[in-house]
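S.K.: here's my sequence, what's the structure:
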Amino acid sequence: MTRAIPRIVIAGSWSGCGKSTVAAGIMASLAARGRTVQPFKVGPDFIDPTHHTACCGRTSRNLDPFLMGEDGVRETFRNAVEGADVAIIEGVMGLYDGIDGTAVASTAHVAHLLDAPVVLVVDVRGMSGSVHAILRGFRDHDPELRFAGAILNRVGSPRHRAMIEQGLRVPVFGWIPRSNEFQVESRHLGLRMAHEGEGMARIAAAIGACCDLDGILSVAGEAPPLSESRQDPLPEPGRRARIGVARDQAFCFLYQDNLDKLAAAGASLVFFSPLCDPLPVVDGVYMGGGYPELHAAALEAGPCRVQLREAADRGLPVYGECGGLLYLSEGITAPDGSAAHRMAGALPCATEMTGRVQALGYVSGKWLGGSPFGPAGSTVRGHEFHYSRLSCAPDARFRIHLERGKGIRDGLDGISEHSTVAGYTHAYFPRGFAASFVEAVAAWRESGK
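M.R.: Numbers count the residues shown, from 1 in each chain. All right, here's what the predicted structure looks like:
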């Protein structure tokens, strides 16, 4: 058994109810009290965890049964809470919303896996007595869920609160007034990243003042001990290599678990900014997702663009995801064609921004043969969310076939040239992929190229 780490899930009644702001506010308020808070996010989201990390000073981790499996959820949780006083887990969408209308990979699914109490955030605008029906429905829908109570958001006035208080049958841990001040600005892929604004500290203080933090901690402390994970231990790393990891305002979508697996497989990670840095002296490159379209002019002018193309042409192993795919293409064109910027040109394709979503959801598939890394037949799991499309050369080669998801075209993803592979899939790395990528990088280094 592991120690009984206090933990609680901050769930939502539906998307847009305010759970992200409430969860971050609770995290920040507890951290301000001197608590060591380990944050988590249910689902594949990259943006909310940046706010958690900024609030708590500890890297927020994703928990997603579809991407990592049930044992993987428990393993990530168990490892991340070492040294923490309390774990706060922000949910995704509505409490029971999972894949294809099921509860699989839902917030409730993760709450069951972690045997964690749940506090439900409900937007009560325009309601009084109807709030009770919503709360009873969520509480009674799954009697085995540890439903602890609610936080009521966007309460209109003291009179509105008094009307709701009549007939309450569940504990309420917060009454948050309706205010435009409790908003975090959004853009096309979700909320703005934590580094793009300073409003969350102010919001967090206000949220904390409206919530019963002692009551939330008391409920979190009722969570029982968790059984040890059944995950196999990490293997000893084989050959070692230096992998450059793009990380800046343009490339900021990275799962910490992926980085940990690369390191465990023998990689020394060298972080750099394609916006302003030259390509570092490395044996391979990992380019995650982000917003290269918002920084296209600076990326075009940066020294890394041409250097990466030249290295990729020599066979440097490069793996890119979504935003990384756009940077590795020949160029990015605005939706109306008014602006075009050259990118690295390491892949035989060009990017057009479209102004509307082109793909959204989980993906799964297999690696095809001929890839410089990613063993043929091995599993790919991840998600896609993008507002662009590619035009590819007629003879373009693809290394991933998706059984679920769109990819670059017709279920094909992972366009490849030399030892560069990139796709729209934001993948959660299996240990086998991390090991094969490090192996390919180490082999290239040892070849002396």
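S.K.: C-alpha only now, for contacts and for neighbours.
M.R.: Noted.
S.K.: bridged to residue 361, which residues?
M.R.: residue 384 (DSSP bridges).
S.K.: ignore the last one, residue 244
M.R.: When bridges are taken as DSSP bridges, the partners of residue 244 come out as residue 270, residue 285.
S.K.: same thing with residue 423?
M.R.: Note on residue 423: beta-bridge partners by DSSP bridges are residue 321.
S.K.: residue contacts, it?
M.R.: With contacts defined as C-alpha atoms under 8 Å, 6 or more residues apart in numbering, the neighbours of residue 423 are 320-322, 325, 407-408, 413-415.
S.K.: tell me how many other residues surround residue 213.
M.R.: The tally of other residues near residue 213 (other C-alpha atoms under 10 Å) stands at 17.
S.K.: OK, contacts around it?
M.R.: Applying C-alpha under 8 Å, 6+ apart, we find residue 213 in contact with 26, 30, 173.
S.K.: next one: the nearest residue in space to residue 58 that is not next to it in sequence from residue 213, what distance?
M.R.: Sequence neighbours aside, residue 38 is the residue nearest to residue 58 in space, at 6.2 Å (criterion: C-alpha to C-alpha, 6 or more residues apart in numbering). Applying C-alpha to C-alpha, to the nearest Å, one obtains 16 Å for the distance of residue 38 from residue 213.
S.K.: make CSV out of the contacts of residue 423 and add pLDDT and neighbour count.
M.R.: Supplementary listing: the contacts of residue 423 in CSV, determined by pLDDT from 0 to 100; neighbours: other C-alpha atoms under 10 Å:
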residue, pLDDT, neighbour count
320, 98, 25
321, 98, 26
322, 98, 28
325, 98, 29
407, 98, 26
408, 98, 24
413, 98, 25
414, 98, 26
415, 98, 25
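S.K.: kindly indicate which of these lies nearest residue 347.
M.R.: Distance ranking of the contacts of residue 423 against residue 347, using C-alpha to C-alpha, places residue 415 first at 7.3 Å.
S.K.: so what's that closest one up against?
M.R.: By C-alpha under 8 Å, 6+ apart, the residues touching residue 415 are 347, 396-399, 408, 421-423.
S.K.: try it again at 10 Å.
M.R.: Residue 415 makes contacts with 320, 325, 329, 347-349, 371, 392, 396-400, 407-408, 421-424, as judged by C-alpha atoms under 10 Å, 6 or more residues apart in numbering.
S.K.: so where do the helices sit in the stretch 151-300 of the chain?
M.R.: Counting by DSSP state H, counting those that start in this stretch, one finds helices in the stretch 151-300 of the chain at the ranges 158-165, 199-210, 213-220, 256-264, 296-301.
S.K.: model confidence over the last one, on average?
M.R.: Spelled out, that is helix 296-301. Predicted confidence along helix 296-301 averages 97 (mean pLDDT).
S.K.: quick check: buried residues in whatever helix or strand comes next after that helix?
M.R.: Counting by DSSP states H and E, the element after helix 296-301 in chain order, helix or strand, is helix 304-313. Within helix 304-313, the residues that qualify as buried by neighbour count (16 or more other C-alpha atoms under 10 Å) are 304-306, 308-309, 311-313.
S.K.: not including adjacent chain positions, what is the nearest residue to residue 65?
M.R.: If the residues on either side of it in the chain are set aside, residue 65 comes closest to residue 105, at 5.2 Å by C-alpha to C-alpha, 6+ apart.
S.K.: again with residue 388
M.R.: residue 353 is the one closest to residue 388 (C-alpha to C-alpha, 6+ apart), at 4.3 Å.
S.K.: the one you found against residue 341, yeah?
M.R.: No. The criterion here is C-alpha atoms under 10 Å, and residue 353 misses it with residue 341 at 11.7 Å.
S.K.: show me what contacts residue 43?
M.R.: Neighbour list for residue 43: 61-67, 90-93, 98, 105-107, 110, 362, 383 [criterion: C-alpha under 10 Å, 6+ apart].
S.K.: endpoints of stretch 330-342, how far apart?
M.R.: Using C-alpha to C-alpha, the end-to-end distance of stretch 330-342 comes to 6 Å.
S.K.: please point out which parts of it sit buried.
M.R.: Burial within stretch 330-342, assessed by neighbour count using 16+ other C-alpha under 10 Å, is assigned to 330-334, 340-342.
S.K.: and what of stretch 202-222?
M.R.: Within stretch 202-222, the residues that qualify as buried are 203-204, 206-213, 216-217, 219-221, counting by 16+ other C-alpha under 10 Å.
S.K.: and of those residues, the nearest to residue 50?
M.R.: Compare each of the buried residues of stretch 202-222 with residue 50 using C-alpha to C-alpha and the shortest gap goes to residue 204, at 14.4 Å.
S.K.: grab the nearest non-local neighbour of that closest one.
M.R.: Nearest residue to residue 204 in three dimensions, chain neighbours excluded: residue 25, at 3.7 Å (C-alpha to C-alpha, 6+ apart).
S.K.: run a quick neighbour tally on that neighbour.
M.R.: Residue 25: 28 surrounding residues under other C-alpha under 10 Å.
S.K.: how about residue 403?
M.R.: By other C-alpha under 10 Å, the residues close to residue 403 number 13.
S.K.: so what does it look like in phi/psi?
M.R.: Backbone torsions of residue 403, given as degrees, to the nearest 10, read phi -90, psi -20.
S.K.: excluding covalently adjacent residues, which one is nearest to it?
M.R.: Once chain neighbours are set aside, the closest to residue 403 by C-alpha to C-alpha, 6+ apart is residue 365, at 4.9 Å.
S.K.: count of residues packed around that neighbour?
M.R.: If you count neighbours by other C-alpha under 10 Å, residue 365 ends up with 20.
S.K.: I'd guess it is in a helix, am I close?
M.R.: No. Assigned with DSSP: H, G, I helix; E, B strand; the rest coil, residue 365 falls outside any helix and is strand.
S.K.: return the residues in contact with it.
M.R.: If a contact means C-alpha under 10 Å, 6+ apart, then residue 365 has 377-382, 400-405, 411-413 as its contacts.
S.K.: and the residues you listed, which of them are in strands?
M.R.: With DSSP state E as the criterion, strands contain 379-382, 400-404, 412-413 from among those.
S.K.: contacting residues for residue 118?
M.R.: Shown here is residue 118, whose contacts under the criterion C-alpha under 10 Å, 6+ apart are 7-12, 89-91, 95, 107-108, 111-112, 139, 145-150, 216, 219-220.
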